[in-house]
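Here's a sequence, model it:
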Amino acid sequence: MRHLVSALLLCLLGVGVSAKTELVPAPQSIVWGSGTYTLSQQPTVAYASAALQPAANYLQNCLLRYASTNAEVKGGKQGDILLTLKKGLSKGGYQLTITASGIEIAGAEYDGVLAGIASLNQMLLQDGRQLETVTIKDAPRFGWRGFHLDSSRHFWSVDEVKEVIDLMGLYKLNRFHWHLTDDQGWRIEIKKYPLLTEKGAWRIYNNQDTACFKQAAKEDNPDMLVPKNKTRVENGDTLYGGYYTQDDIRDIVAYAKQRSIEIIPEIDMPGHFLSAIENYDGLSCFETIGWGTYFTTPLCPGKDKVLAFCKDIWQEVFRLFPYEYVHVGGDEVRKDTWKECPDCQKRIKDLGLQNEEELQSWFIHQMEAFINKNGRKMVGWDEILEGGLSKTATVTWWRTWHPDAPAQVTAQGNDVIYCPGSPMYLSTSEEKTSMRSIYEYDVQPASMNARQKQHVVGVQGNLWCEYIPTRERMLFQYFPRILALSELAWTQPAQKDYDQFYARLPQQFSMLHKLNVPFRTPSLDGVYRVNAFTKTGTMQVTCADPQAVVRYTTDGSFPNATSKVYTGDVTFDETTHVILRTFSPQGKAGEMLETDFVKQGLLEPVKADASQLTPGLNAAWHEYPEFKCADIHKYPFNGNYPVDDVVIPEGVSGHIGLIITGYLNVPEDGIYTFALMSDDGSWLKIDGNMVVDNDRPQSPHEEVCQQALKAGLHKLEVRYFDSNGGMLRLWVFDKDGKRMAPASIYLR
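This is a model prediction of the structure:
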């Protein structure tokens, strides 16, 4: 409800809650003056140290782009804008001072100066050349503030990658994790093995491409169409793909370095390697290769030539990326071929290994030793824990169903980067709760001791691009969630407040509009999936982006540029299906929201005696490996668990099928609201009537529906399934929109 209040305030004000510049991420200290400074159209940018000349050149480019000025760059300490190094500032920190006579950006080192430039860039985009006088003192919470991009599943041009890097810089993100190889495409030129890109970078449309085409038609969304400029015709077949030459890589690396962004190249192995295995003989255990149930044929760690092949690739990668870290992947390895492979079994026997998990660990350790020998450090997905973790590896934790992994990694004295699939996989659909879930994520929980917390080096938002074929869709998935992640990564917890952050977003949206960056307008507030009414229903919609235009239809058609514009309350006296859609100021169609206004009678209570019932609910756990709520009761029963709320009971794990039953004690007649969130599927029935249908395999998703209820007891049933340790939550709101305490409403 607080989120809705914030949205209403923003809509009434039309802009953020302050007339001042609204920075994201929020700085440690910002003191506004009483005057202004107007930047001329031909300002001078001075750099007090030769080490800052690249930063001055970068700022010159930013001033042209963001403020339409033609700046001159010169050495020394005299200029309209002075870049300087200053002792006493925190690592990565800066001090930005704007007075009536000029601008000074000081940093302890190059990184800090670039962070100060990022704040100035946001001011220029929001306020133009007339800037408020201000002093900002700031420093980052974490050194690793990551932005991950998958270039394998769908390919991004050099210019598209550079746009990503520019946007990272604008929001003080400094680690670009670049996923360059996978089963669907090899994107980096390796001169010793030219077939990797000659053949491995191109494919006939696969099932992920065709899924994109279907989604484009289903959602009236051209951003889901594979770009024709990334296809070619060969022997009558249309091939999709592309790759980066080594010169392209050097160009992008230099571009990122000027912006103080380190690139972490990922060459995923020993799994996710099919684009190489298909083009060079002898890399797999057997000649037959391809997809298994979930994953592809992996490399064969039993063959010495495989290790040599991988080391050859790394040698060329090292020469292209002059940074501290490289990423070896190590995730989702299909090991059934290893169990049958004579070479792998011989390796296991010769080395005295216990199983295939230890064989994978041995392979990873071999790669790490080679990586370390070449002056680099290795990062891997959290699967590298299995079979034993070396003392020097850094782990990117993504598997939320292994929640103990960060504690295990840090207890061993290794560094960990948080990028849990929920909520930091930005390739999943954005929900109303997504930004808050990222913003408030606890990456240094109280259960960690002080030494362990020091090994939490940062956070990262991951974008996997199986179903993201265009630059427009890619940026739509990143924004605005990446803004919440940037503040999580930069701003100290004591200075964070989600509602205040949300109130700053309109000015950020205005910036993104100016930069022609497509973004997902946060979900429209004021309507639910089902909106119940007994006589008349009123649609009251608010939008967090004051510049967006909301259009709607009631005939089942997709809203377009000629559909009705929502300008105020719309009243219904019959059940009506409404489709709402936001449009950018430039007229670009955004996401659609379907909602039903349903005319209902008050549902009669059941005959039951509350005095004979006890507080709480009963959760029946069934061993359920399937994906449909209706069938849970058909599978083996593991036991009943009394619960105080709609939750996954403690001790329930693995293949989960829950049937939670009891009574809902309704205090008075009215319209009640039910917000059911789950990962994976769930439903809510009241008195046998489906109220919330959330029944499908999915990432965390909240479905909110209303039901008209008479006072009294109503039979409640929640069903839920999951196979990877997910989440389940039901919130109930009374007729006045106040959340009801579970202890006051649930009886069994």
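
number of nearby residues for L239?
Neighbourhood size, L239 [other C-beta atoms under 10 Å]: 16. C-betas here are computed from N, CA, C, even on glycine.

And the one 5 residues further on, by the same measure?
Using other C-beta under 10 Å, Y244 has 24 neighbouring residues.

For it, give me its contacts.
When the contact criterion is C-beta atoms under 8 Å, 6 or more residues apart in numbering, the partners of Y244 are S151, V158, L180, R187, I188, E189, I252.

ok now do the fourth one, which residues does it touch?
Right, R187. Taking C-beta under 8 Å, 6+ apart as the contact definition, R187 lies against S151, S152, F155, L180, T181, T197, A201, G242, Y243, Y244.

Export those as CSV, with columns for pLDDT, secondary structure and distance to V527.
Putting these into CSV (pLDDT from 0 to 100; DSSP: H, G, I helix; E, B strand; the rest coil; distance: C-beta to C-beta, whole Å) gives the following:
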residue, pLDDT, secondary structure, distance to V527
S151, 98, coil, 38
S152, 98, coil, 38
F155, 98, coil, 38
L180, 98, strand, 42
T181, 98, strand, 44
T197, 98, helix, 49
A201, 98, coil, 45
G242, 98, coil, 42
Y243, 98, coil, 45
Y244, 98, strand, 45
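
Most neighbours among these, which one is it?
Of all the contacts of R187, the most densely surrounded is T181 (28 neighbours; neighbours counted as other C-beta under 10 Å).

Quick check: that residue vs N279, distance?
Between T181 and N279 the distance is 12 Å, computed by C-beta to C-beta, to the nearest Å.

Residue nearest the middle of this structure, spatially speaking?
Per C-alpha atoms, centre = their mean, the C-alpha nearest to the average position across the chain is that of L426, at 2.5 Å.

buried residues in stretch 703-715?
Buried residues in stretch 703-715, counting neighbours by 16 or more other C-beta atoms under 10 Å, are found at E703, V704, C705, Q706, Q707, A708, L709, G712, L713, H714, K715.

how about the fourth one, secondary structure?
Reducing the assignment to helix, strand or coil with DSSP: H, G, I helix; E, B strand; the rest coil, the entry for Q706 is strand.

Would you mind confirming that it makes contact with T673?
Yes. In this structure, Q706 sits in contact with T673. The criterion is C-beta atoms under 8 Å, and the distance is 5.1 Å.

what ranges do the strands span in the stretch 301-450 of the chain?
With DSSP state E, counting those that start in this stretch, the ranges of strands along the stretch 301-450 of the chain come out as 325-329, 377-381, 394-397, 416-418.

can you list these in TSV and add mean neighbour count?
Putting the strands of the stretch 301-450 of the chain into TSV (neighbours: other C-beta atoms under 10 Å) gives the following:
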stretch	mean neighbour count
strand 325-329	22
strand 377-381	22
strand 394-397	25
strand 416-418	25
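
quick revisit: ok, so of the contacts of Y244, who is nearest I632?
When the contacts of Y244 are compared for distance to I632, the smallest value, 40.5 Å, is given by S151; criterion: C-beta to C-beta.

quick one on the thing from earlier: out of the contacts of R187, the closest to V606 would be?
Minimum separation from V606 among these (C-beta to C-beta) is found for S152, which lies at 55.2 Å.

Let me see the contact set for the residue nearest to the closest one when sequence neighbours are not counted.
Closest residue in space to S152, ignoring its immediate chain neighbours: D182 at 3.6 Å, by C-beta to C-beta, 6 or more residues apart in numbering. Neighbouring residues of D182 by C-beta under 8 Å, 6+ apart: D150, S152, R153, D268, H272, S275.

From those residues, list the buried ones, please.
Among the contacts of D182, those that count as buried by neighbour count (16+ other C-beta under 10 Å) are D150, S152, R153, D268, H272, S275.

what residues do Q706 and T673 have in common as contacts?
When contacts are counted by C-beta under 8 Å, 6+ apart, the set common to Q706 and T673 consists of Y528.

now the helices for the stretch 301-450 of the chain?
Assigned by DSSP state H, counting those that start in this stretch, the stretch 301-450 of the chain shows helices spanning 304-320, 336-340, 342-351, 356-373, 405-411, 421-424, 434-439, 450-454.

which stretches of the stretch 51-200 of the chain form helices?
Along the stretch 51-200 of the chain, counting by DSSP H, counting those that start in this stretch, helices occupy 53-67, 110-127, 158-170, 195-198.

Save those helices as TSV, and put in distance to F501 too.
Conversion of those to TSV gives the following (distance: least, C-beta to C-beta, whole Å):
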stretch	distance to F501
helix 53-67	23
helix 110-127	14
helix 158-170	16
helix 195-198	42
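
Nearest to G537, out of the ones you listed?
For those, proximity to G537 was assessed by C-beta to C-beta; helix 110-127 is nearest, at 38.8 Å.

what helices or strands is that closest one leaning on?
For helix 110-127, the packing partners by 3 or more C-beta pairs under 8 Å, 6 or more residues apart in numbering; DSSP states H and E come out as helix 53-67, strand 81-85, strand 94-99, strand 102-107, strand 130-138, helix 158-170, helix 498-514.

Out of those, the one nearest K599 is which?
Each of these has some distance to K599 by C-beta to C-beta; the shortest is helix 498-514, at 33.2 Å.

just the angle between that closest one and helix 158-170, please?
140 degrees (axes from the mean of the first three to the mean of the last three C-alpha atoms, to 10 degrees).

distance of D209 from L463?
Here the criterion is C-beta to C-beta. By it, D209 lies 17 Å from L463.

Then V233?
Computed as C-beta to C-beta, the V233 to L463 distance reads 29 Å.

Looking at those two now, which is surrounded by more residues?
Shown here are V233 and L463; by other C-beta under 10 Å, L463 has more neighbours (22 against 8).

got a list of what the more buried one touches?
L463 makes contact with H148, L149, D150, Y425, L426, S427, M474, Q477, Y478, according to C-beta under 8 Å, 6+ apart.

Just put those residues in TSV and tack on pLDDT.
Formatted as TSV, the entries for these read as follows, by pLDDT from 0 to 100:
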residue	pLDDT
H148	98
L149	98
D150	98
Y425	96
L426	97
S427	96
M474	98
Q477	97
Y478	98
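
and which of those residues is nearest to R259?
Within those, distances to R259 taken as C-beta to C-beta reach their minimum at L149, with 15.2 Å.

Next, count neighbours for the closest one.
Neighbours of L149 under the rule other C-beta under 10 Å: 24.

and what of D166?
A total of 20 residues lie near D166 under the criterion other C-beta under 10 Å.

Count the neighbours of the closest residue to it other than its chain neighbours for me.
With C-beta to C-beta, 6+ apart as the criterion, D166 has its nearest non-adjacent residue at 7.3 Å, and that residue is R259. R259 sits with 21 neighbouring residues when counted by other C-beta under 10 Å.

show me what contacts R259?
If you count contacts by C-beta under 8 Å, 6+ apart, then R259 has Y58, L114, I165, D166, M168, G169 around it.

right, and the secondary structure at the closest residue to G556 other than its chain neighbours would be what?
By the measure of C-beta to C-beta, 6+ apart, the closest residue to G556 outside its immediate chain neighbours is H577, 6.5 Å from it. In terms of secondary structure, H577 is strand; the call rests on three-state DSSP.

Please look at H577 and S557 and confirm they touch.
No. Counting by C-beta under 8 Å, H577 stays clear of S557, with 10.8 Å between them.

So between the two, which is more surrounded?
For H577 against S557, the residue with the higher neighbour count under other C-beta under 10 Å is H577, and the figures read 13 against 10.

Distance check, the more buried one against F597.
Between H577 and F597 the computed distance is 8 Å (C-beta to C-beta).

V643 too?
Look at V643 and F597: by C-beta to C-beta, they are 33 Å apart.

quick one: which of these two has more around it?
Comparing V643 with F597 by neighbour count (other C-beta under 10 Å), the higher total belongs to F597, at 25 against 21.

check contacts around the more buried one.
Contact criterion C-beta under 8 Å, 6+ apart gives N531, F533, G537, M539, F572, T575, T576, V578 as the residues in contact with F597.

same thing with E487?
Under the criterion of C-beta under 8 Å, 6+ apart, the neighbours of E487 are V24, P25, A26, Y439, K496, F501.
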